[in-house]
Each structure stands twice: as C-alpha cells, then as structure tokens.
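Chemist: Prediction below, plus the sequence it came from.
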Amino acid sequence: MEVNHVELVMSAVDPAQYPTTGYPEIALVGRSNVGKSSLTNVLINRRSYARTSSQPGKTQTLNFYNVEDQLYFVDVPGYGYAKVSKSEREKWGQMIETYLTQRDQLKGVVSLVDARHAPTEDDIQMYKYLAYFNLPTLIVATKSDKIARGKWNQAVSQIKKAMDLPNTDNIIMFSAPKKIGKDAVWNWIEQQAFGGN
Ligand SMILES: Nc1nc2c(ncn2[C@@H]2O[C@H](COP(=O)(O)OP(=O)(O)OP(=O)(O)O)[C@@H](O)[C@H]2O)c(=O)[nH]1
Ligand SMILES: [Mg+2]
C-alpha cells in the first residue's frame, strides 16, 4: 500500500475508546524496545511519526493509527518491562487480553522478536497465546541489520524451532534503518486485512 495519510486517532486503554469506524486492524506486539514503533514508521513512510525511544516501556496505551482510511495499525505496549509495578503489569495484561480476544476488527498480529537473539520466554508465550486464540500471526525479526547476512538463515531457524512452527513462511527478517522486509510485511498485512473473507 502506498501510504500518504496517517493519523493517530486514539490512545485507548478501554474498549469504549476503540475507534468505531470498523476498518480492519493489525496489531503490533513485542517486548519493550524491540522496534514496534520503528516498524510502524517504516510501514507508513515516516521518519518519526510513532514515537520511538531508547527508554523501554514508553508506549503505555493501545495506539490506533488510521492508515489511508482503510485500516488501523494498533501499536500495543511492549511486554516484559520489569520495572513497572505488579499492579501496573496486571492492568497492562488485562488491557491487552481484552483487545486481543474480543476485538472483531482485529485481522492479524505482527509479533516482533529481536533477530540477534533466540526468542525469549515472553516471546514464546505471546506466540502460543496468539495461536491459542487462532489469531493469524506474522513473526517479524527486527534489528536484522545488526547481524551478518550469513547468519540470517540461522536466526530464522532458531525462531522456527523456538516457536515450534511447521515452516518459515511467516517469519520475516526486518530492518528499520535499511527498510529490509517492508514489502513482505505489507503483503502479509494486506492479505489479512483485505484478502479472502
Ligand atoms: N539497528 C536497528 N535499530 C532499531 C531497529 N528497530 C528499532 N531500532 C531501535 O531500537 C530502539 C527501540 O525502538 P522502538 O521502535 O522505540 O521500540 P518499541 O518496541 O516501540 O518500544 P516501546 O514503545 O518502548 O515498547 C530505538 O532506539 C530504535 O531506533 C532496527 O531494525 N535496526
Ligand atoms: Mg513504541
């Protein structure tokens, strides 16, 4: 999709605040600092629309980005941020669970992992959770520019093994600064949002 118009329409914590326009939604999930906002910015051709930071846990609400009046990207606050209090973490968990399990417009989830390391327990749990709820999921391995090309196959195999995937079809190596993987991610998103039923 050629993107010209994007608008952050809502930072929601509660279903009553979700947009009511009915466009399909694609959620982005992953650990704090993995690169969700950076991926969003690449997909929408902006340098710094979605706020990126080196400070983990900065995004604390579900941020709905209206893309071309056709779909929403939903930037989900990162999991595995240990420094917030237990009650904050519980609130966070509930907010995300409500969204992921009860939102009809949600057509697919892009689950980000760090290409440099094996998926963490949190990454694996999140993947299993999405699979349990039958949510179509694309695994995007970010920061792939930080490892040598010769190690990419190994990184993909490691993810396939950790997530117990039947094949590597839904794993994409991605780099925000180099924009590698952008088209592949967009293809998957368009297929989920507009393809088929
Ligand atoms: N080299 C490299 N750095 C990246 C890439 N993606 C993100 N980063 C950097 O990683 C840091 C975190 O990126 P964000 O996009 O803010 O991460 P986030 O997942 O949105 O983080 P939270 O909102 O805190 O959960 C920033 O310093 C980014 O510049 C990438 O593909 N390659
Ligand atoms: Mg962010």
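Modeler: Ah, there it is. Ligands and ions are numbered 1, 2, ... in the order given.

Chemist: Let me know whether stretch 171-187 sits next to ligand 1.
Modeler: Yes. Counting by CB under 6 Å from any ligand atom, ligand 1 is contacted by stretch 171-187 at 175, 176, 177. All C-beta spots, glycine's among them, are computed from the backbone N, C-alpha and C.

Chemist: For the host helix or strand of residue 9, which strands pair with it and how are they oriented?
Modeler: Residue 9 belongs to strand 6-12 when assigned by DSSP states H and E. Sheet pairing of strand 6-12 (DSSP bridges) gives strand 62-67 (antiparallel).

Chemist: does the strand it pairs with come close to ligand 1?
Modeler: No. Using CB under 6 Å from any ligand atom, we find that strand 62-67 stays clear of ligand 1, coming within 9.1 Å at best.

Chemist: check whether that strand contacts ligand 2.
Modeler: No. Judged by CB under 5 Å from the ion, strand 62-67 makes no contact with ligand 2; its nearest approach is 8.1 Å.

Chemist: contacting residues around that strand?
Modeler: 1, 3, 5-13, 18-19, 21, 23, 25, 40, 44, 49-50, 72-77, 95-96, 99 (CB atoms under 8 Å, 6 or more residues apart in numbering).

Chemist: Then stretch 149-163?
Modeler: Contacts of stretch 149-163 (CB under 8 Å, 6+ apart): 113, 115-116, 118-119, 123-124, 127, 139, 141, 144, 147, 165, 167-168, 171, 173.

Chemist: Ok, stretch 190-197 next?
Modeler: Here stretch 190-197 has contacts from 1, 24, 26, 70, 71, 107, 108, 136, using CB under 8 Å, 6+ apart.

Chemist: I'd like to know how far the fourth one sits from residue 104.
Modeler: With distances defined as CB to CB, to the nearest Å, the gap from residue 70 to residue 104 amounts to 17 Å.

Chemist: And the first one, by the same measure?
Modeler: When CB to CB is the yardstick, residue 1 and residue 104 sit 22 Å from each other.

Chemist: if you count what's nearby, which of the two comes out ahead?
Modeler: Relative neighbour count places residue 1 above the other of residue 1 and residue 104, with 15 against 8, counting by other CB atoms under 10 Å.

Chemist: Bridge partners for the residue positioned nearest the centre of the chain, pull those for me.
Modeler: Centroid-nearest residue in the chain, with CA atoms, centre = their mean: residue 28, separated by 1.9 Å. Residue 28 forms beta bridges with residue 75, residue 110, as assigned by DSSP bridges.

Chemist: Residue of the chain closest to ligand 2, please.
Modeler: residue 37 (3.3 Å; CB to the ion).

Chemist: ok, that residue - how many residues close by?
Modeler: Count around residue 37 with other CB under 10 Å applied: 22.

Chemist: which element is it on?
Modeler: Secondary structure from DSSP H and E places residue 37 in helix 36-43.
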